[in-house]
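>>> Just need the structure, nothing else, for what follows:
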Amino acid sequence: MYKELKKFKVTNQFSFTVEDSLAEVCNASEGSGVFLVYSVGDEKELIMVGSTGTVQNNGTLKIKNGGLNDKIVEGHQFAKTGRKYSWPAQMKIEDISTLEVVWYETFNDKTKVIPTFVEGQVLQNFLDENGRLPKWNVAF
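Next up is the predicted model:
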């Protein structure tokens, strides 16, 4: 686990296989924060980091309806289609049997850390360790 994520108390995780419905297995909250996606096989590999929620200049949060849950399930990835469709297709292409998704609320009543800041920290640490971004992150 990345050290910057240890301070966030509202967190959980779920597993997803190609046979699952992402909408049914996703237990992410409707809050704002980051999510990390791991490919689980012989080894566990971080393959994507994402976030949702934008902090306005007055310190308030602008959040889309559904928060983390909606971003994970309906967010576009791989050819402008929702992850509930694109993840299973990509998993078949890459022969990935299981994804593990870990999510963290980074901005709520008790904690106020900008989601994209945390996403950037995790991606920077990954880049420092691996010389590249996770394979499902196109750019940052």
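>>> The residue nearest to residue 32 when sequence neighbours are not counted: what's it in contact with?
The shortest distance from residue 32 to any non-neighbouring residue, by C-beta to C-beta, 6 or more residues apart in numbering, is to residue 53 (2.6 Å). (C-beta placed from N, C-alpha, C; glycine too.) Contact analysis of residue 53 by C-beta atoms under 8 Å, 6 or more residues apart in numbering lists 31-33, 61-63, 67, 106-107, 114-115.
>>> Let's see that with 10 Å instead.
Residue 53 is in contact with 31-34, 61-64, 67-68, 71, 105-108, 114-116, counting by C-beta atoms under 10 Å, 6 or more residues apart in numbering.
>>> Listing request: residues of the chain with sub-threshold pLDDT.
Scanning the chain for pLDDT under 70 picks out the ranges 1.
>>> Need the outlier residue of it, farthest from its centre.
residue 58 (25.9 Å; C-alpha atoms, centre = their mean).
>>> how about it, secondary structure?
coil (DSSP: H, G, I helix; E, B strand; the rest coil).
>>> which ones are touching it?
Counting by C-beta under 10 Å, 6+ apart, residue 58 has no contacts.
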